[in-house]
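>>> Fold the following.
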Amino acid sequence: MSRYFIALVATVVAPLAVIGPASAGPPSSSGRDKDLAALRELRERQDQAWERGDARAYAAVYTSDADLVTFNGDHMSTRAGIEEGMGYYFATYLQGTRLLQRDERIRFPELDLAIIVRTGCVLWPGETACTDEALSVNTNVAVKRQGRWLYTSFQNTRIRPLRPA
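Residues are numbered from 1 along each chain as shown. Modelled structure (predicted):
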């Protein structure tokens, strides 16, 4: 090999070995803390929009190409579709309700992807706790795009175990 080739490799490859790929290693705890805080704020915005019955603000926490599947199997596609569908629900069936989260588990399979599994319910006026009938488990898929977390998929299922507890 020529000295020129060896010098070229040393000046191009060696710095890359020190820097490493952008996604190398686990995220810093402060970075993960910021992501968790941003996801908490996203959930709070969603909960507040629900409580106000504000379909536009509720849909704003989703990506433009999102999917939302309700406990009864109603599938809403796109942010505009979510706004329209939730507008109908807020004006009729869900008027005066609010959300209650009982637990939440978050995992990050990728730096910009979060899978969130929550158990909770819709509280009707005067209620302070979930009833067995209203209890559901839902899965949210959140993506981080241009530094901002949004939901891109939501699936809600009422808890109706077939096996004895």
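
>>> Tell me where the longest strand sits in the chain.
strand 98-110 (DSSP state E).

>>> Skip ahead from that one and say which helix or strand is next.
strand 113-123 (DSSP states H and E).

>>> What residues sit buried inside the helix or strand following that following strand?
Next along the chain after strand 113-123, taking DSSP H and E as the criterion, comes strand 136-145. The neighbour-count check on strand 136-145 (16 or more other Cβ atoms under 10 Å) flags 136, 137, 138, 140, 141, 142, 143, 144 as buried. All C-beta atoms are positioned from the backbone trio N, CA, C, and that covers glycine.

>>> Kindly list the longest helix within the protein.
helix 29-52 (DSSP state H).

>>> And for the most centrally placed residue in the chain, nearest residue in space, chain neighbours not counted?
Central residue of the chain (Cα atoms, centre = their mean): residue 142, 3.2 Å from the mean position. What sits nearest to residue 142 in space, not counting adjacent residues and going by Cβ to Cβ, 6 or more residues apart in numbering, is residue 114, at 4.3 Å.

>>> Is the residue nearest to the centre of the chain bridged to anything, and to what?
Taking DSSP bridges, one obtains residue 114, residue 151 as the residues bridged to residue 142.

>>> Test my guess that residue 99 contacts residue 120.
Yes: counting by Cβ atoms under 8 Å, residue 99 touches residue 120, with 6.2 Å between them.

>>> mind listing what residue 140 touches?
Neighbouring residues of residue 140 by Cβ atoms under 8 Å, 6 or more residues apart in numbering: 114, 115, 116, 117, 118, 151, 153, 154.

>>> Could you pick out the buried ones from those residues?
114, 116, 118, 151, 153, 154.

>>> Tabulate those residues (a markdown table), appending pLDDT and distance to residue 33.
Formatted as a markdown table, these follow (pLDDT from 0 to 100; distance: Cβ to Cβ, whole Å):
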| residue | pLDDT | distance to residue 33 |
| --- | --- | --- |
| 114 | 98 | 13 |
| 116 | 98 | 16 |
| 118 | 98 | 20 |
| 151 | 98 | 20 |
| 153 | 98 | 24 |
| 154 | 98 | 24 |
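
>>> from those, which two are the most distant?
Largest separation among these by Cβ to Cβ: 118 and 153, giving 13.6 Å.

>>> Look at the closest residue to residue 45 other than its chain neighbours and report its pLDDT.
Of all residues not flanking residue 45 in the chain, residue 61 sits nearest, at 5.6 Å (Cβ to Cβ, 6+ apart). pLDDT, residue 61: 98.
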